[in-house]
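Engineer: Fold the following and give me the result.
(2 chains)
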Amino acid sequence: MAPEAFVTLDGVDHAYAGAGSALAVEGLSISVKQGEFAAVVGPSGCGKSTLMKLATGLQFPRSGSVTVAGQKVTAPLKIAGMAFQAPTLLPWRTTLENLLLPLEIVEPHRSEMRRRKAEFSERARNLLASVGLRGQGEKYPWELSGGMQQRTSLCRALIHEPQLLMLDEPFGALDAFTREELWCVIRDLQAARKITVILVTHDLREAVFLADRVFVMSSRPGRIVVERKIELPRPRDLEVTFTQAFSDIVHELRGHIVKARQ
Amino acid sequence: MTRTNLLIRLSPWLFTIGLFVVWEAAVHIFKIPVFFLPPPTAIAQAFVDYSGPLARNSWITLQTTLIGFALAVGFGLLLGLLVGWSRAIYAGLYPLMIGFNAIPKVALVPILVLWFGIGFVPAVLTAFLISFFPIVVNVATGLATIEPELEDVLKALGASKLDIMRKVGIPRTLPYFFGSLKVAITLAFVGSVISESVASNYGIGNLMLQAQAQFQVPLIFAGLVVLAIEGIVMYAAMAILERRMTGWAQRSGFAQA
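Structural biologist: Numbering: from 1, shown residues only, chains lettered A, B, ... in the order given. Alright, predicted model coming up:
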């Protein structure tokens, strides 16, 4: 059985309030299958972040439709987890307490928080261990390096076991080595949990290394101009990024972006 | 403890003593008359001679200030949360608050006297009116500067505005709030003393006014010293409270250096 479309945007136009009639995205259509890893790339200001907000129900389209898990999106999606370029951890909470924040808000965990606190803390500790942060739960975010903070931010996005993970340039502020480390963290998390991921990025190597499909957006108002299947075999090793096949794809995508900027 | 640390610990005392020594010397060297600028020894003598009235009135001023300050904290916190809660309330109240803050509070004392008579109540209210503004502004600023990404993360989880306020807004506002208390307590002293000197029969402000009428210049200066001491003690209390409550926000070595 072929996996069903999990996230579908169909002919979406959107403009922000106060921006007049200037559209952020126009005629945007994209479809991501259950368990698929999709990457969206494009020139800066092309509406990539708007796509994220539309798909998670933080914004609603002016026209067109957004469907997630077979349902039209009319309210913020609780089955989604999000991580951004800035880790946005709360400095007055320990790493572990930061991870528990979503569980204090999202139902049904919220009402069970008091009763199942020990269980939830255990889950958070296991999640931290799975991204290489074993035993760091009692530290405060400012005692962690930038890469460790970003790992924590990823864990916070995953703690309520969402079916959809939205990543908005999550590694943009990290150095090249840490970034590659975190690519592998995300790759393994996705492989282990079969979660649907939409990654918004401007790093083409990142997109090609991680994604099953890469979508190229045009400049504002954004829409999808190219859809490229990445058929590199999984599991992918970092070594693959140095092969000819890999750089050919990156090169090809780069050509599309250059065209999209014009 | 290293020598440098010891020096830093002692230096506030050394500088204070130094100020008084220079002052004393200057008065004697330039033969400044006592009724113009009394030397610290004369002020110390005034402390001994008038210890009863000084103690009684400084206690009244302290009480007045603290009650006014407590009102300012309660009201300032409430108004700050309200202003930070909604952009419409913020837009509506901001010009009014700026306008109100621009009014010199001494100009309000006659009105307060008209309403409440001279004495304790106008002094408390002046202390309150002059000190609530920095609290409101700081609380509102703390709420207004929540990272939008963090708000998105929480909203996407179905968080209500109240959730975001409780989990993020209020904790992140606390450093701003406790920081503003240091400014507010100092202003509260200004307010109570102004009102006491214009319209009261009690308090250090009134005592200084009477001393001036009787030309007891050392006593005026003794009043000033009492106010300075009360100000320093309350400021230090607020600073300790700030460090206690929001230690996480003060990890930078810059503040301690």
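Engineer: right, and residue B:112 touches residue B:128 too?
Structural biologist: No: contact between residue B:112 and residue B:128 fails when scored by C-beta atoms under 8 Å: they sit 10.4 Å apart. All C-beta atoms are positioned from the backbone trio N, CA, C, and that covers glycine.
Engineer: Compare those two (neighbour count), which wins?
Structural biologist: Taking other C-beta atoms under 10 Å in any protein chain shown, residue B:112 and residue B:128 do not tie; residue B:128 has more neighbours (25 against 21).
Engineer: contacting residues for that one?
Structural biologist: If you count contacts by C-beta atoms under 8 Å, 6 or more residues apart in numbering or on different chains, residue B:128 has them with B:68, B:69, B:71, B:72, B:75, B:188, B:191.
Engineer: Most widely separated two among the residues you listed?
Structural biologist: Pairwise distances across these peak at 13.8 Å for B:75 and B:191 (criterion: C-beta to C-beta).
Engineer: Tell me which of these two has more neighbours.
Structural biologist: residue B:191 (28 against 16).
Engineer: if I look at the more buried one, how far off is residue B:52?
Structural biologist: When C-beta to C-beta, to the nearest Å is the yardstick, residue B:191 and residue B:52 sit 26 Å from each other.
Engineer: Around chain A, which positions in chain B sit nearby?
Structural biologist: Residues of chain B lying close to chain A by C-beta under 8 Å from any C-beta of the partner chain are B:147, B:149-150, B:152-159, B:163, B:167-168, B:171-172, B:246, B:248-249, B:251.
Engineer: among those, which are in strands?
Structural biologist: Using DSSP state E, no member of these sits in strands.
Engineer: And those residues, which of them are buried?
Structural biologist: B:149-150, B:152-159, B:163, B:167-168, B:171-172, B:246, B:248-249 (16 or more other C-beta atoms under 10 Å in any protein chain shown).
Engineer: Spell out which residues sit in contact with residue A:10, please.
Structural biologist: The contact partners of residue A:10, by C-beta under 8 Å, 6+ apart, come to A:29, A:64, A:65, A:66, A:67.
Engineer: Looking at these, which is nearest chain B?
Structural biologist: residue A:66 (13.7 Å; C-beta to the nearest C-beta).
Engineer: Isn't that closest one up against residue A:53?
Structural biologist: No: contact between residue A:66 and residue A:53 fails when scored by C-beta under 8 Å: they sit 10.2 Å apart.
Engineer: Look at those two and report which has more neighbours.
Structural biologist: Comparing residue A:66 with residue A:53 by other C-beta under 10 Å, the one with more neighbours is residue A:66, at 25 against 22.
Engineer: what's near enough to touch that one?
Structural biologist: Counting by C-beta under 8 Å, 6+ apart, residue A:66 has contacts A:8, A:9, A:10, A:12, A:54, A:55, A:57, A:60, A:72, A:73.
Engineer: Kindly report the same for residue A:124.
Structural biologist: Residues near residue A:124 by C-beta under 8 Å, 6+ apart: A:96, A:99, A:100, A:137, A:155, A:159.
Engineer: As CSV, those with secondary structure, distance to chain B and neighbour count would be great.
Structural biologist: Converted to CSV, the contacts of residue A:124 look like this (DSSP: H, G, I helix; E, B strand; the rest coil; distance: C-beta to the nearest C-beta, whole Å; neighbours: other C-beta atoms under 10 Å in any protein chain shown):
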residue, secondary structure, distance to chain B, neighbour count
A:96, helix, 15, 18
A:99, helix, 12, 28
A:100, helix, 11, 21
A:137, coil, 16, 21
A:155, helix, 13, 27
A:159, coil, 10, 22
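Engineer: of all those residues, which two lie farthest apart?
Structural biologist: A:137 and A:159 (12.1 Å).
Engineer: Which neighbours do these two have in common?
Structural biologist: Common neighbours of residue A:137 and residue A:159 (C-beta under 8 Å, 6+ apart) are A:99, A:124.
Engineer: so where's chain B shaky on pLDDT?
Structural biologist: B:1, B:251-257 (pLDDT under 70).
Engineer: Following the chain onward from the helix ranked longest in it, which element is next?
Structural biologist: Assignment by DSSP state H gives helix B:51-85 as the longest helix of chain B. Using DSSP states H and E, the helix or strand that follows helix B:51-85 in sequence is helix B:87-102.
Engineer: Remind me what that following helix packs against, helices and strands.
Structural biologist: Counting contacts by 3 or more C-beta pairs under 8 Å, 6 or more residues apart in numbering or on different chains; DSSP states H and E, helix B:87-102 packs against helix B:51-85, helix B:120-144.
Engineer: Deepest-packed of those helices, please.
Structural biologist: helix B:120-144 (a mean of 24; mean count of other C-beta atoms under 10 Å in any protein chain shown).
Engineer: Tell me how far that one lies from the chain's centre.
Structural biologist: Relative to the chain's own centre, helix B:120-144 is displaced by 10 Å; criterion: C-alpha atoms, centre = their mean, to the nearest Å.
Engineer: and what of stretch B:10-29?
Structural biologist: The answer for stretch B:10-29 is 26 Å, by C-alpha atoms, centre = their mean.
Engineer: contacts for it?
Structural biologist: Here stretch B:10-29 makes contact (C-beta under 8 Å, 6+ apart) with B:32, B:37, B:38, B:39, B:40, B:41.
Engineer: And for the first one, the neighbour number?
Structural biologist: A count of neighbours around residue B:32, defined by other C-beta under 10 Å, yields 14.
Engineer: what residues are up against it?
Structural biologist: residue B:26.
Engineer: and the lowest-mean-pLDDT helix or strand in chain A, what does it pack onto?
Structural biologist: Taking mean pLDDT, DSSP states H and E as the measure, chain A has helix A:109-112 as its least confident helix or strand, at a mean of 82. Counting contacts by 3+ C-beta pairs under 8 Å, 6+ apart, helix A:109-112 is packed against helix A:95-105.
Engineer: on that earlier part again, out of the contacts of residue A:124, which one has the lowest pLDDT?
Structural biologist: On pLDDT alone, residue A:137 ranks lowest of these, at 86.
Engineer: Look up the closest residue to it, ignoring the ones flanking it.
Structural biologist: residue A:96 (3.5 Å; C-beta to C-beta, 6 or more residues apart in numbering or on different chains).
Engineer: now residue A:158
Structural biologist: residue A:81 (5.5 Å).
Engineer: so residue A:198 makes contact with residue A:165?
Structural biologist: Yes: using C-beta under 8 Å, residue A:198 is in contact with residue A:165, at 7.4 Å.
Engineer: And those two? Which one has more around it.
Structural biologist: The residue with more neighbours, out of residue A:198 and residue A:165, is residue A:198; 26 against 23, by other C-beta under 10 Å.
Engineer: you'd agree the more buried one is in a helix?
Structural biologist: No: assigned with DSSP: H, G, I helix; E, B strand; the rest coil, residue A:198 falls outside any helix and is strand.
Engineer: Which pLDDT value belongs to it?
Structural biologist: On the pLDDT scale, residue A:198 is placed at 93.
Engineer: Show the contacting residues for it.
Structural biologist: For residue A:198, the contacting residues are A:7, A:32, A:38, A:39, A:40, A:51, A:52, A:55, A:164, A:165, A:166, A:167, by C-beta under 8 Å, 6+ apart.
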